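In: here are the coordinates; sequence isn't available:
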Ligand SMILES: [Zn+2]
């Protein structure tokens, strides 16, 4: 680490649980963020500021005026730009020390699997069930931990699915793909802006804990936030042996 890096990351290095080794792990890490919107913005900003060495931002959308109420890495001046380019500019402005890959695409199938395989940890910051299930399946196949977050109206939720652990459920254990959950299209739903900040920042925290290897992750627990009462509920979630995604997977 250079003198500048030692200064930039000194408040991490001062933490016994992080130290030089933990900060180096962050610098060496490669994080894949699916979605550069409400959750992806705070998550990416914290990961960039914290010195995660490579951040892959995936989103096929462009910045729109209606995004700016909550998607805090975008600006009025960047309306019309690809979200991943706008995001890249924001992250590098905070920390030019890192590499940001701006991938303007809707990654699916083999391409998604390839991106997931390259990642130390994956953050699902998308806004629809089809993407969440595709990202989950790719993470299970590649054995890469997934930090999944979601926010709608005044409600948020968050969990970690870690296929490296035999006990860990996957996203599909919790929300079976064939259960027919209504895809509440975020494009037409209200979202209380600070809640995506709360959940997105927590996704960054969980990702960094996994990279450094500290504490206890949210694996096996689903955290739910009722933003109107500002009340958290934690429920235990078990692996489903009959899960169509991870049920037959070797651990
Ligand atoms: Zn499963």
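Out: That came through fine. Computed from a prediction, not measured in an experiment: that's the story for all the values here. Numbers count the residues shown, from 1 in each chain.
In: Only C-alpha atoms from now on, for both contacts and neighbour counts.
Out: Will do.
In: Apart from its chain neighbours, what residue comes closest to whichever residue of the stretch 1-150 of the chain sits closest to the ion?
Out: Relative to the ion, the nearest point of the stretch 1-150 of the chain is residue 140 (8.2 Å; Cα to the ion). Of all residues not flanking residue 140 in the chain, residue 163 sits nearest, at 5.6 Å (Cα to Cα, 6 or more residues apart in numbering).
In: secondary structure class for that neighbour?
Out: Per DSSP: H, G, I helix; E, B strand; the rest coil, the secondary structure class of residue 163 is coil.
In: Quick check: phi and psi at the residue nearest to the spatial centre of the chain.
Out: Nearest to the geometric centre of the chain sits residue 123, at 2.2 Å (Cα atoms, centre = their mean). Here is the backbone geometry of residue 123 (degrees, to the nearest 10): phi -110, psi 120.
In: repeat for the one 5 residues further on
Out: Dihedral angles of residue 128 (phi, psi; degrees, to the nearest 10) stand at phi -150, psi 150.
In: Same check on the one 3 residues further on?
Out: Here the main-chain torsion angles of residue 131 (degrees, to the nearest 10) amount to phi -70, psi -40.
In: If I look at it, what pLDDT would I see?
Out: pLDDT, residue 131: 95.
In: And for residue 17?
Out: pLDDT recorded at residue 17 is 97.
In: What residues does it make contact with?
Out: Contacts for residue 17 were tallied using Cα atoms under 8 Å, 6 or more residues apart in numbering; they are residue 214.
In: helices or strands up against the helix or strand containing the residue of the stretch 1-150 of the chain closest to the ion?
Out: Assessed by DSSP states H and E, residue 140 sits inside helix 129-142. Packing partners of helix 129-142 (3 or more Cα pairs under 8 Å, 6 or more residues apart in numbering; DSSP states H and E): helix 109-117, strand 121-124, helix 171-174.
In: Need those in CSV (columns: distance to residue 83 and mean pLDDT).
Out: Shown next, in CSV, are those (distance: least, Cα to Cα, whole Å; pLDDT from 0 to 100):
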stretch, distance to residue 83, mean pLDDT
helix 109-117, 18, 96
strand 121-124, 16, 98
helix 171-174, 26, 96
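In: which parts of the stretch 101-250 of the chain sit against the ion?
Out: The stretch 101-250 of the chain comes close to the ion at residues 170, 172-173, 243, 246, as judged by Cα under 5 Å from the ion.
In: follow-up on the earlier one: give me the number of neighbouring residues for the residue of the stretch 1-150 of the chain closest to the ion.
Out: 25 (other Cα atoms under 10 Å).
In: Could you check the pLDDT of it?
Out: For residue 140, the predicted pLDDT is 97.
In: Residue 133 versus that one, what's the distance?
Out: Relative to residue 133, residue 140 is positioned 10 Å away (Cα to Cα, to the nearest Å).
In: Likewise for residue 160?
Out: In this structure, residue 160 and residue 133 are 14 Å apart, going by Cα to Cα.
In: next one: residue 149
Out: With Cα to Cα as the criterion, residue 149 and residue 133 are 13 Å apart.
In: Please identify which of the two sits among more neighbours.
Out: Neighbour count, other Cα under 10 Å: between residue 149 and residue 133, residue 149 has more, with 26 against 19.
In: Check the secondary structure at the more buried one for me.
Out: What three-state DSSP gives for residue 149 is strand.
In: out of everything not next to it in sequence, what's closest to it?
Out: In space, residue 149 is closest to residue 158, 4.5 Å off (Cα to Cα, 6+ apart).
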